[in-house]
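> model the structure of this input:
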Amino acid sequence: MNAYLLLFVELLISVVASLAVLRVLSLPLVNVLGRVCPDQQAALFWLSYTKVMLIIAPLLLVLTVDWLTHFSSPMDSLRLALIAALGGLLIGMLSIGKRLGRFVTAEQESGSAA
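As a prediction, this is how the structure comes out:
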């Protein structure tokens with residue numbers, strides 16, 4: 001397989017995985033940011049920031065892994081690219097969860113059983 005085509009497919013895997021996660025995450029994230037942020041502009045900024053980071057992190061890992069490893073089989077390279085993309089998404093999601101987890105608290109039950 002041509003090296004340029006392989007790189008393009010690896011990058012495509014990363015971007016498609018990121019867009020799939022962002023599609024699922026965008027609406028709940030904007031709702032949480034709307035409650036946490038002081039105004040709408042701040043919420044939109046953090047939503048945009050999160051979207052950019054969830055595209056860049058997996059892409060960076062895919063490019064780094066591709067640069068550091070050289071497989072003779074294109075399937076091995078694609079498999080590693082998928083693992084790197086999912087790893088980047090996992091790191092990004094953990095980072096977002098850690099940051100937002102400080103602001104979102106579970107509601108405590110009011111009243112006590114007598």
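
> okay, now residue 70: neighbour count?
Neighbour count for residue 70, taken as other C-beta atoms under 10 Å: 8. No exception for glycine: its C-beta is placed from N, CA and C like everyone else's.

> longest single helix anywhere in this protein?
Ordering each helix of the chain by length in residues (DSSP state H) puts helix 3-36 first.

> report the inter-axis angle for the helix or strand just after that helix versus helix 3-36.
Remark: after helix 3-36, the chain's next helix or strand is helix 40-68, criterion DSSP states H and E. Here helix 40-68 runs at an angle of 150 degrees relative to helix 3-36 (axes from the mean of the first three to the mean of the last three C-alpha atoms, to 10 degrees).

> for the helix or strand just after helix 40-68, the distance to its chain's centre please.
The helix or strand immediately downstream of helix 40-68 is helix 74-101, counting by DSSP H and E. Chain-centre distance of helix 74-101: 7 Å, with C-alpha atoms, centre = their mean, to the nearest Å.

> model confidence over helix 74-101, on average?
Mean pLDDT, helix 74-101: 91.

> likewise stretch 45-65?
92.

> show residues contacting that stretch.
Here stretch 45-65 makes contact (C-beta atoms under 8 Å, 6 or more residues apart in numbering) with 10-11, 13-15, 17-19, 21-22, 25-26, 29-30, 33, 37, 80-81, 83-89, 91-93, 95-96.

> buried members of those residues into PyMOL, please.
Only the buried entries of these go into this PyMOL selection, using 16 or more other C-beta atoms under 10 Å:
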select buried, resi 10+11+13+14+17+18+21+22+25+29+33+37+80+81+84+85+86+88+89+92+96
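
> returning to what we had before: got the angle between the longest helix of the chain and helix 74-101?
Interaxial angle, helix 3-36 versus helix 74-101 (the same axes, to 10 degrees): 10 degrees.

> other SSEs contacting helix 3-36?
helix 40-68, helix 74-101 (3 or more C-beta pairs under 8 Å, 6 or more residues apart in numbering; DSSP states H and E).

> nearest to residue 2, of the ones you listed?
Smallest distance to residue 2 across the helices and strands packed on helix 3-36 (C-beta to C-beta): 9.5 Å, for helix 74-101.

> which strands and helices sit next to that closest one?
By 3+ C-beta pairs under 8 Å, 6+ apart, helix 74-101 packs against helix 3-36, helix 40-68.
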